[in-house]
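K.L.:
here is my input; please provide its structure:
(3 chains)
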Amino acid sequence: MEVVDQEGRTLTFSIGPQHPGSGHFRLIVKVDGDFIVDVKPDPGYVHRGAEKMCEERTYIQNIPHLERPVIFDSSGILFPYVLAVEELLGVQAPPRAQYIRIIMAELNRIISHLYWLAIYGIFLGHSTMFMWPMGDRELFIDLAEAIGGTRVTFSYFVPGGVRNDLPPEFKERALKTCAYFEKRLKEYDRIFFSNPMFLKRTQDIGVLKREDAIRLGVTGPNLRASGISSDTRKDEPYSSYQTIKWDIPVRKEGDCYARAMVRFQELFDSMSIIRQALDLIPEGSVKIAMRGQIKGKVGESFARTEAARGTMFYHIISDGATHPYRVKISVPSFRSLCAMPFLLKGNHLADMPAIYWGLDYWPVEADK
Amino acid sequence: MVTSGSAASVLVGKVSDVIGSIVEQAVKEPVRYIVNWGRLYALWPVHIETACCSIEFGAASGPRYDLERFGVLEAFGSLRQCDLLVVQGTITRKMVPRLKWIYEQMPEPKWVMAMGACAISGGLYIDSYNVVPGIDKFIPVDVYVPGCPPRPETLIQGFIELQNKIRKTKVR
Amino acid sequence: MSQSIEKEELLLSSIKDKFGDKVSELYVNPKRIKILVDRENILNVATFVRDLGFNQVISAGGTDFPKEDSFVVDYHLISVDHEDLKRIIFNLSTKFPKNEPKTPTLMEVWPSAEYHEQETFEMLGIIFEGHPRMERLLLPEDWNDIPPLRKEFKLPSRLVEHGSS
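P.N.:
Model prediction:
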């Protein structure tokens, strides 16, 4: 489809920062009739200066505010930080803590994907798909609350392990919730993922081919939907993920439908990982005792993990003090800013919600 | 002379007081009650999901906590049909002018709820270079809901406080 | 646990064979390689590293070292489709004096570096020559202070009420 940009035919307007979507993010869109000619993203409305604040706080004091950019996947954004700090200190979390971290990270992944699904339902005009995931999400939030103590932002991962052990009878509760939810997912499939309206709005829309996905720096489920089998949990296994078996969901089409189906499959995979982790978890302590203020050795470390949206990466430089010298955070949503204009150009304006939220761009995370 | 005129005016004054208080009790009071009842049970917030607290607001709209039974329905359409602005999270310096525009676009009567520690006082980010220490320096706030983020039950209590406040307001 | 670093050393020796002493090795560890290049040669070295198989920029940022009066810009590269390179993070860094904060952009080599370089420009004031948009991204439009991630910029203390306008 060729879009002709003649003088006087195009109209430039803003979508956002207050828009019927999630988070403050502005897109400056130029349209020619109904077709998008150019898009310029304008992030920064929720930029809270996390990187600068990290330099003014100790390693432990950084944990609460580093969790908040993506509050519903708070373990996902905190995980590489504790791994990088542990590398600087030269310690490793005990095996029991590593499996508990896996359980917590996968619970957060399910919670995050269900929030994505709820808002995707609203964007595509399917309000039942807002209510059902929001309701089922509460069951997983209950499980996470039993471990971490709050509904979101548990501040549960600390350098050296996790704050406290699993509560008693956690395994029975978790298995019961997973069994219930797997039956529910069949109903989700019937009313939403196989719904002809959903198929019409997402198939062949926003196609991201394999070479473009690599070139534009996309990671996570968006990359797996373009035919590339890449998952940090398998590429560079951390925290005992190498003992867990599952298949990475990969689809070749690269359209919005593929991205949605990859996330749908990941819900099943996360429950399978939780079950395996609960079987394999050894007894033992959950934390290494550390005395006094943590001081990293002089040097640097970096770590990456697979958060719900993609690869999360931290680079910490330390000069031996109690505060880090520099913390560089690289979040998956910021990286998908590159792909957004590329995908939106040439499409109908009405396809914008399906493409934009299908990339799972969370503005608060991207602005850090 | 003067005394009979002033006695008459005092009498008229007293009678008009009595009539006024009868009108107040019998007419204005029920009208005020009905108008406020209509407003407080149909608070429509603007869809402005700022930062972290928006997740708990979304969860509160979900089936478990169900804000809609209080009449709170998020209107996904225009700002012009909303009467409540729930500032859900941190407001940065880049967002402040836009927040004021949103507030000015809403029709009267309107109320503002500051949800979360960041909206009340800057919260965890008070020493950041881009975060304002509380929104009540820019727009008038009616209810403050503390928490980081507040649980949905706290948010519901905030709505009930706002409804109590509206119940007592004079109708303009 | 001793991990083999055969592949990492192989990659490093192929870079050293091509560029000699224009490249200095900072360290080679299991799954981690870091090299330092002058900004004059960074474009050629980056093209070579990309052709080795590292095809995505996962992060690009800068750090201010006032004691050495220099900036360091770090590019972290990963490979998403080469099976034997997937576990490695390659760190390509360059260092230059603080009073000449410029370095060539690597957007032609890796388009995924675009927004990272724009953010580094905004936060540290480093100009990436050849980048189409050296302008504001995250900070407010009326920001008139020095770039915030420089060490001279101090955060207002919690005890002092900072101005609200």
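K.L.:
what helix or strand is the residue in the stretch 101-250 of chain A that chain B sits nearest to on?
P.N.:
When scored by CB to the nearest CB, the stretch 101-250 of chain A has residue A:134 as its residue closest to chain B, at 3.2 Å. The way it works is simple: take the backbone N, C-alpha and C, and place the C-beta from them, glycine included. Secondary structure assignment for residue A:134, by DSSP states H and E: helix A:128-148.
K.L.:
buried sites along that helix?
P.N.:
Across helix A:128-148, burial judged by 16 or more other CB atoms under 10 Å in any protein chain shown covers A:129-141, A:143-144, A:147-148.
K.L.:
and residue B:26, how many neighbours?
P.N.:
A count of nearby residues for residue B:26, using other CB atoms under 10 Å in any protein chain shown, gives 9.
K.L.:
pLDDT score assigned to it?
P.N.:
You'll see residue B:26 listed with a pLDDT of 78.
K.L.:
list the contacts of the residue nearest the centre of chain B.
P.N.:
Residue closest to the average C-alpha location in chain B (CA atoms, centre = their mean): residue B:111, at 2.7 Å. The contact partners of residue B:111, taken as CB atoms under 8 Å, 6 or more residues apart in numbering or on different chains, are B:43, B:83-85, B:142-143, B:162, B:165-166.
K.L.:
and with 6 Å instead?
P.N.:
B:84, B:142 (CB atoms under 6 Å, 6 or more residues apart in numbering or on different chains).
K.L.:
quick check: closest non-adjacent residue to residue A:361.
P.N.:
residue A:333 (5.0 Å; CB to CB, 6 or more residues apart in numbering or on different chains).
K.L.:
pretty sure that neighbour sits in a strand.
P.N.:
No: counting by DSSP: H, G, I helix; E, B strand; the rest coil, residue A:333 is not part of a strand but helix.
K.L.:
burial count for it?
P.N.:
Close neighbours of residue A:333, defined as other CB under 10 Å, add up to 25.
K.L.:
who's in contact with it?
P.N.:
A:309, A:361-362, A:365-366.
K.L.:
try it again with 8 Å
P.N.:
Counted by CB under 8 Å, 6+ apart, residue A:333 has contacts A:70, A:309-310, A:360-363, A:365-366.
K.L.:
neighbours around the nearest residue in space to the residue of the stretch 101-250 of chain A closest to chain B that is not next to it in sequence, how many?
P.N.:
Nearest non-adjacent residue to residue A:134, counting by CB to CB, 6+ apart: residue B:62, 3.2 Å away. Using other CB under 10 Å, residue B:62 is surrounded by 21 other residues.
K.L.:
residue B:62 should be in a strand, yeah?
P.N.:
No: applying three-state DSSP, one finds residue B:62 to be coil, outside a strand.
K.L.:
which residues touch it?
P.N.:
A:118, A:130-131, A:134-135, A:137-138.
K.L.:
so which pair among these is furthest apart in space?
P.N.:
A:130 and A:138 (13.4 Å; CB to CB).
K.L.:
so what's the residue nearest to the centre of chain B bridging to?
P.N.:
Bridge pairing for residue B:111 (DSSP bridges) gives the partners residue B:84.
K.L.:
buried ones in the helix or strand bottoming out on mean pLDDT in chain C?
P.N.:
One helix or strand of chain C scores below all others by mean pLDDT, DSSP states H and E: strand C:23-29, with a mean of 79. By 16+ other CB under 10 Å, the buried positions in strand C:23-29 come out as residue C:23.
K.L.:
same thing with stretch A:46-64?
P.N.:
For stretch A:46-64, burial by neighbour count (16+ other CB under 10 Å) applies to A:46-57, A:59, A:62-64.
K.L.:
filter these down to the ones near chain B?
P.N.:
By CB under 8 Å from any CB of the partner chain, the members of the buried residues of stretch A:46-64 lying near chain B are A:46-49, A:52-53, A:56, A:64.
K.L.:
could you look up the SS state of the closest residue to chain C within chain B?
P.N.:
Nearest to chain C in chain B, going by CB to the nearest CB, is residue B:94, at a distance of 3.9 Å. Following three-state DSSP, the label given to residue B:94 is coil.
K.L.:
please apply the same query to the one 5 residues further on.
P.N.:
The three-state label given to residue B:99 by three-state DSSP is helix.
K.L.:
next one: residue C:69 from chain A, what distance?
P.N.:
16 Å (CB to the nearest CB, to the nearest Å).
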